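1. Sequence and predicted structure, then a few things I'm wondering about:
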Amino acid sequence: MSTTTFDPPVLETSAGPTGPVVETDDERRKRLRTVVAASLLGTTIEWYDFFLYATAASLVFNKIFFPDQSSFVGTLLSFATFAVGFVVRPIGGVVFGHIGDRIGRKRTLALTMVLMGVATALMGVLPTAATVGILAPVLLLLLRVLQGFALGGEWAGAVLLAVEHSPARKRGLFGSIPQIGLALGLALGTAVFALLQVVFDERQFLLYGWRIAFLVSIVLVVIGFAVRLKVDETPAFAAVEELSEQSAAPLKEVVLPPNTRNTVLGLLARWGEGSAFNTWGVFAIAYATGTLGMSKVSVLVAVSIAAVVMALLLPVSGLLTDRFGAQRVYLVGMAAYGISVYPVFALFGTEDLVWFTVGLILVFGVVHALFYGAQGTFFASLYPTNVRYTGLSVVYQFSGIYASGLTPLILTALIGAGGDTPWLAAGYLVATAAISVAASAAIRKRDLHF
């Protein structure tokens with residue numbers, strides 16, 4: 001049976017020092033503009049930082065932090081440090097989820113942004129293996145751990161900031177806003193890397209050019225932090241806080257009945273999404289530039305274009321979510337992803353940049369936007385307000401270990417096992433999509449909280 005939630009029934013109320021207060025139309029519009037800016041800008045910066053590492057892992061880190069290895073082994077080791085960030089993210093999700101459910105969404109999100117920015121900026125000044133030997137990859141690994149820890153609490157908080165401030169009939173649209181930040185963050189990161197490789201020759205780029213992309217994060221974080229400080233606490237959490245209904249042990253409530261079923265199914269439902277993003281946004285770069293021998297700059301531009309298309313279509317997914325329901329939109333999007341995998345890899349196999357870009361736009365820009373725009377609202381609906389931050393973090397971050405972080409490693413190994421052909425890897429991706437479709441369909445509507 002569904003437990004009580006504390007979402008505001010109408011838009012005309014917001015959080016005040018003693019609970020919900022009446023807003024004028026101008027105040028309401030100003031609040032929602034601030035919420036949109038804080039959600040979008042914050043997640044853009046956080047994902048720029050996190051996936052900047054992914055792009056560097058494909059193009060740089062295997063050469064300057066693991067230079068004594070073969071190209072194949074160096075890439076695997078580089079992706080292994082990439083995966084570590086996903087292993088640590090659940091710890092950050094539990095810690096920041098607990099804080100977010102106890103003291104609020106706003107302060108938690110400000111803290112995660114500072115931690116992420118510091119870790120990314122320090123990567124930009126790391127010494128290489130040629131300078132300090134084995135200490136270089138060790139320091140890289142430690143900073144990746146800090147990145148993963150910070151991001152563990154970011155995504156769920158950003159989604160809740162938007163969803164819990166939204167009008168009930170626009171919850172899907174608002175829930176798609178933080179997802180746009182992911183697409184823009186990836187597009188910005190890959191575009192910056194592409195620009196730097198045009199400006200610098202390969203020696204200059206490997207020596208110091210790549211560092212600029214990481215140091216830019218300092219400026220972005222300062223701007224994002226200032227915007228997030230202006231946003232109000234969500235009305236839903238304010239209502240819980242006023243009634244002193246915060247959970248003493250959010251994690252315990254998330255994994256025990258009546259939430260156990262939703263947690264397990266949520267973890268499985270996210271498998272396809274995690275594998276999809278890290279295939280098209282991360283692995284495809286290494287596959288196209290390594291196995292297929294395509295131009296690095298051209299591939300990065302293609303990924304950036306697909307990410308921009310995704311950003312433009314995510315609000316459309318949000319509108320569809322408001323009309324047809326988050327569960328249905330997510331399920332249909334997952335099915336479309338599973339169907340598209342083999343045709344897209346066939347397009348990649350032409351080794352033609354135009355067809356590569358077309359395939360990427362189709363599967364990453366269009367199909368991914370369909371289910372990713374619905375994901376935040378769908379997973380947030382699995383839990384009541386007083387444990388929602390923790391529950392959302394658990395589903396997203398724990399699934400990230402196998403669904404996201406290990407995907408580049410798995411695909412690299414499967415392509416190697418398949419004689420440099422992608423078909424075994426494609427079969428794995430189709431299987432993850434099928435698991436997500438089945439799990440999404442198994443979630444009962446009576447167990448959803450909005």
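-> Thanks, I have it.
2. switch to C-alpha atoms for all contacts and neighbour counts from now on
-> OK.
3. Just the CA trace of stretch 335-345, in CSV.
-> Only the C-alpha atoms of stretch 335-345 are listed here, as CSV (Å, rounded to 0.1, in the frame of the first residue of the first chain):
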residue,chain,number,x,y,z
ALA,A,335,12.3,-1.0,-25.9
ALA,A,336,13.3,1.4,-28.7
TYR,A,337,16.8,1.4,-27.5
GLY,A,338,17.0,-2.4,-27.6
ILE,A,339,15.7,-2.5,-31.1
SER,A,340,18.2,0.1,-32.4
VAL,A,341,21.5,-1.3,-31.1
TYR,A,342,22.4,-3.7,-33.9
PRO,A,343,21.4,-1.3,-36.7
VAL,A,344,23.5,1.5,-35.1
PHE,A,345,26.6,-0.7,-34.8
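4. and Pro343, what does it touch?
-> With contact set as CA atoms under 8 Å, 6 or more residues apart in numbering, Pro343 has no partners.
5. which element is it on?
-> If you go by DSSP states H and E, Pro343 is part of helix 326-348.
6. What's the first helix or strand after that helix?
-> Following helix 326-348 in sequence, per DSSP H and E, is helix 353-360.
7. Could you look up the next helix or strand downstream of that following helix?
-> helix 368-380.
8. I'd like to know which elements that following helix is packed against.
-> Contacts defined by 3 or more CA pairs under 8 Å, 6 or more residues apart in numbering; DSSP states H and E place helix 368-380 against helix 154-163, helix 171-199, helix 271-278, helix 296-324, helix 326-348, helix 388-393.
9. What is the distance between that helix and the centre of its chain?
-> Its chain's average C-alpha position is 11 Å from that of helix 368-380, according to CA atoms, centre = their mean, to the nearest Å.
10. Report the inter-axis angle for it versus helix 154-163.
-> 80 degrees (axes from the mean of the first three to the mean of the last three CA atoms, to 10 degrees).
11. follow-up on the earlier one: for Leu135, which of the helices and strands packed on helix 368-380 is the nearest?
-> Of all the helices and strands packed on helix 368-380, helix 171-199 sits nearest to Leu135, with 25.2 Å by CA to CA.
12. Tabulate the helices and strands packed on helix 368-380 (a markdown table), appending distance to Thr128.
-> As requested, the helices and strands packed on helix 368-380 are exported to a markdown table (distance: least, CA to CA, whole Å):
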| stretch | distance to Thr128 |
| --- | --- |
| helix 154-163 | 29 |
| helix 171-199 | 19 |
| helix 271-278 | 26 |
| helix 296-324 | 22 |
| helix 326-348 | 33 |
| helix 388-393 | 34 |
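13. who touches stretch 280-289?
-> For stretch 280-289, the external contacting residues (CA under 8 Å, 6+ apart) are 54-55, 58-59, 186, 294-296, 299-300, 303, 348, 360, 363-364, 407-408, 411.
14. Extract the C-alpha set from it and format it as PDB.
-> Below are the C-alpha coordinates for stretch 280-289, written out as PDB (Å, rounded to 0.1, in the frame of the first residue of the first chain):
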ATOM      1  CA  TRP A 280      27.200   6.100 -26.900                       C
ATOM      2  CA  GLY A 281      28.700   8.900 -24.700                       C
ATOM      3  CA  VAL A 282      31.900   7.200 -23.600                       C
ATOM      4  CA  PHE A 283      32.800   3.900 -25.200                       C
ATOM      5  CA  ALA A 284      31.800   5.000 -28.800                       C
ATOM      6  CA  ILE A 285      34.700   7.600 -28.700                       C
ATOM      7  CA  ALA A 286      37.300   4.900 -28.000                       C
ATOM      8  CA  TYR A 287      35.800   2.400 -30.400                       C
ATOM      9  CA  ALA A 288      35.500   4.900 -33.300                       C
ATOM     10  CA  THR A 289      39.000   6.400 -32.800                       C
END
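15. how many other residues sit next to the closest residue in space to Ala311 that isn't next to it in sequence?
-> Spatially, and ignoring its direct neighbours in sequence, Ala311 is nearest to Ile180 (4.9 Å; CA to CA, 6 or more residues apart in numbering). For Ile180, the neighbour count with other CA atoms under 10 Å is 26.
16. ok, Ile180 to Phe174 distance?
-> In this view, Ile180 and Phe174 are 10 Å apart by CA to CA, to the nearest Å.
17. Just the buried residues out of the contacts of stretch 280-289, in PyMOL syntax.
-> Remark: buried members of these, expressed as a PyMOL selection using 16 or more other CA atoms under 10 Å:
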select buried, resi 54+55+58+59+186+294+296+299+300+303+348+360+363+364+407+408+411
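18. What's the end-to-end length of stretch 319-331?
-> 16 Å.
19. neighbouring contacts of it?
-> Contacts of stretch 319-331 (CA under 8 Å, 6+ apart): 169-173, 317, 370-372, 374-375, 377-378, 436-437, 440-441.
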